[in-house]
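Asks: From the sequence below, what's the structure:
(one chain, ligands or ions: 1)
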Amino acid sequence: MILNSYNLLMPAQIVFGWGRRTELPALAKTLGQRVFLLIGSQTLARQGTIAELVTGLQQAGLEVVTAYAPNHEPEVGDVDQLTRDWSTCGIQPDDCVIAIGGGSAIDLAKAVAAMLTNPHGESVQNFLEGVGKGLTLQHDPLPMIAVPTTAGTGSEATKNAVISSYAPPFKKSLRSDRMIPRIVLVDPELTVTVPATTTAYTGMDAITQLIESYISRKAAPIPQALCLQGLQLAWPAISRAVHDGSDRSAREAMSHAALISGIALANSGLGMAHGVAAALGVHAKVPHGLACAVMLPPTLRYNQRVKQEELALLARAVGLGWNDPHRQVEGFIEAVEHLCHVVGIPTRLRDIGVQREQISDLVPASQGNSLSGNPRDVPPGDLQDLLESMW
Ligand code: NAD
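Replies: Numbering: from 1, shown residues only. Have a look, this model is predicted:
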């Protein structure tokens, strides 16, 4: 193994464990006196979990300013609106942000925490990669605690927030090393109420992140070591979590794997599946995890010949036992296809709402940070052909 130089960034504190959400007030007190709380799950609100957490924060002497995330992946207008709303409270040095929700709510909160302390840009759009004015964060965001309630994106451990726009259409990141949440509180019990379909989509997002970051051209050694563990845990757990949402060990495995996938992607980048997933999200409104899952097997086939050794290692990590490395890689890709099938992921783009004439828009919209990590170059013509063959 050749060791190149690397950096590793991750949250300063990770608190993981079933039921440990009760520790949120004590953790929040280490960051500030006033909490801007963003809630991303109506289900957890309806069943009283959010009220319990708010009461806990207040009983600990914290002032709590609450907002609900919209029920869609975050858009430029959502970030700008919530930034305006919370700015009217007057930002103080002992303020902090808590997001309790899926990747959408966590990303929205990460972006707003950054915009509140960086008011020089008017709109978050001016900070987004490839579409804005190229502005960068001059100040640290408000310190943040991320409490994921889906097991998939790993956004709780990453340095970016993915923000969409539909006019003009783009799905791009606000990215800065300053944006990694200070504290991550992962209580897998919070994911028990996630419906089966969302469990499948989000879980496949984590698995795609673990695999793509492992074979990325920006892959780094510590995330690679973590990815093997994450994949070993998620591989058998995802279908159990989908078929029985109350399966505690499956939920724990998926939450841990998702967290690792975030650490991995923040330090190693991703690949073609995620590049195209962003385009599918904005042009065909395909949920992020579903888009990643549909793109994973074709991406592996595309990369197969340049990443034989790594894919054979992943095959062995999940217990696929052929001796011949070529057979091992083929077997791994077939096993990924089977896993997608078992959790209900379609294979054709037309089955996830893509119109054939949209393919020529998807190709340029797939360019960006994720695609640049793909281990094999993806010329636009190759991508057009691949997407046509998948339609
Ligand atoms: P999501 O946050 O959009 O949530 C999906 C649905 O599940 C929503 O309706 C939500 O309300 C619901 N939900 C959340 N928690 C629940 C619970 N405990 N019980 C019942 N329902 C619950 O989905 P996601 O896949 O977690 O996040 C997707 C977003 O994250 C996309 O915008 C994607 O681009 C982004 N993302 C960001 C990063 C990053 O590093 N910042 C990485 C990957 C993906």
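
Asks: Please name the nearest non-neighbouring residue to W322.
Replies: In this structure, W322 finds its nearest non-sequential neighbour in Q328, 4.7 Å apart by Cβ to Cβ, 6 or more residues apart in numbering. To be clear about C-beta, it is placed using only N, CA and C from the backbone, and glycine gets the same treatment.

Asks: Around the ligand, which positions in the stretch 51-200 of the chain sit nearby?
Replies: Residues of the stretch 51-200 of the chain lying close to the ligand by Cβ under 6 Å from any ligand atom are 71, 73, 101-105, 107, 149-150, 152-155, 158, 160-162, 190-191, 193-194, 198.

Asks: from those residues, which ones fall inside helices?
Replies: If you go by DSSP state H, those have 103-105, 107, 198 in helices.

Asks: List the contacts of the residue nearest to W322.
Replies: Contact criterion Cβ atoms under 8 Å, 6 or more residues apart in numbering gives 311-312, 315-316, 320, 322 as the residues in contact with Q328.

Asks: ok so, going back, check the ones in helices among the residues of the stretch 51-200 of the chain next to the ligand and tell me the two furthest apart.
Replies: Greatest spacing in those, by Cβ to Cβ: D107 and T198 (16.1 Å).

Asks: More neighbours: which of these two?
Replies: Set side by side, D107 and T198 show unequal neighbour counts under other Cβ atoms under 10 Å, the larger going to D107 at 30 against 20.

Asks: confidence score at the more buried one?
Replies: D107 carries a pLDDT score of 98 in this model.

Asks: beta partners for the residue nearest to it when sequence neighbours are not counted?
Replies: Distance criterion Cβ to Cβ, 6+ apart; nearest residue to D107, sequence neighbours excluded, is A161 at 4.0 Å. Listed beta-bridge partners, A161: L174 (assigned using DSSP bridges).

Asks: I'd assumed L174 was in contact with A161.
Replies: Yes. Using Cβ atoms under 8 Å, A161 and L174 qualify as a contacting pair, with a distance of 4.8 Å.

Asks: shared neighbours of those two, anything?
Replies: With contacts taken as Cβ under 8 Å, 6+ apart, the residues that reach both A161 and L174 are 110-111, 114.

Asks: Ranking by neighbours, what's the top pick from these?
Replies: K110 (31 neighbours).

Asks: What's the separation between it and A151?
Replies: Using Cβ to Cβ, to the nearest Å, K110 is found at 18 Å from A151.

Asks: N267 sits in which helix or strand?
Replies: helix 248-268 (DSSP states H and E).

Asks: thinking again about what came up before, who wins for neighbours among the contacts of Q328?
Replies: L311 (25 neighbours).

Asks: Without its sequence neighbours, what residue ends up closest to that one?
Replies: Closest residue to L311 in three dimensions, ignoring its sequence neighbours and counting by Cβ to Cβ, 6+ apart: V329, at 4.4 Å.

Asks: likewise I222?
Replies: Across the structure, with Cβ to Cβ, 6+ apart as the measure, the residue nearest I222 apart from its sequence neighbours is L8 (5.4 Å).

Asks: Can you classify that neighbour by secondary structure?
Replies: Assigned state for L8: coil (three-state reduction, DSSP: H, G, I helix; E, B strand; the rest coil).

Asks: Go ahead and confirm it touches A225.
Replies: No. L8 is not in contact with A225 according to Cβ under 8 Å; the separation is 11.2 Å.

Asks: what about the residue lying closest to L142 once chain neighbours are set aside, which SS state?
Replies: Distance criterion Cβ to Cβ, 6+ apart; nearest residue to L142, sequence neighbours excluded, is A113 at 4.4 Å. Under three-state DSSP, the three-state class of A113 is helix.

Asks: Would you agree A113 is in contact with I145?
Replies: No. With contact defined as Cβ under 8 Å, A113 does not reach I145; the gap is 10.4 Å.

Asks: ok, these two, which is more surrounded?
Replies: Under the criterion of other Cβ under 10 Å, the comparison of A113 against I145 puts A113 first, with 29 against 26.

Asks: Contact partners for that one?
Replies: 36, 97, 141-144, 179.

Asks: Go through these and flag which are in strands.
Replies: Secondary structure defined by DSSP state E assigns 36, 97, 144 of the contacts of A113 to strands.

Asks: now, which of the contacts of Q328 lie within strands?
Replies: Secondary structure assignment (DSSP E) places none of the contacts of Q328 within strands.

Asks: And the furthest pair within these?
Replies: Pairwise distances across these (Cβ to Cβ) peak at 12.2 Å, for the pair L311 and W322.

Asks: center of this structure, which residue is that?
Replies: Relative to the mean C-alpha position of the chain, the nearest C-alpha, by Cα atoms, centre = their mean, is the one of T153, at 2.3 Å.

Asks: How is the chain partitioned into domains?
Replies: The chain breaks down into these domains under automatic domain parsing: 13-191, 196-390.

Asks: Report the contact partners of the nearest residue to S176 once chain neighbours are set aside.
Replies: Across the structure, with Cβ to Cβ, 6+ apart as the measure, the residue nearest S176 apart from its sequence neighbours is L137 (4.5 Å). Under the criterion of Cβ under 8 Å, 6+ apart, the neighbours of L137 are 114, 117-118, 127, 176, 178-179.

Asks: Using CSV, list the CA coordinates for stretch 81-90.
Replies: What follows is stretch 81-90 as a C-alpha-only set of coordinates in CSV (Å, rounded to 0.1, in the frame of the first residue of the first chain):
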residue,chain,number,x,y,z
GLN,A,81,-35.3,32.6,4.8
LEU,A,82,-34.2,30.8,7.9
THR,A,83,-31.0,32.9,8.0
ARG,A,84,-33.2,36.0,8.0
ASP,A,85,-35.6,34.6,10.6
TRP,A,86,-32.9,33.7,13.1
SER,A,87,-30.8,36.9,12.4
THR,A,88,-33.7,38.9,13.8
CYS,A,89,-32.9,37.4,17.2
GLY,A,90,-29.5,39.1,17.1
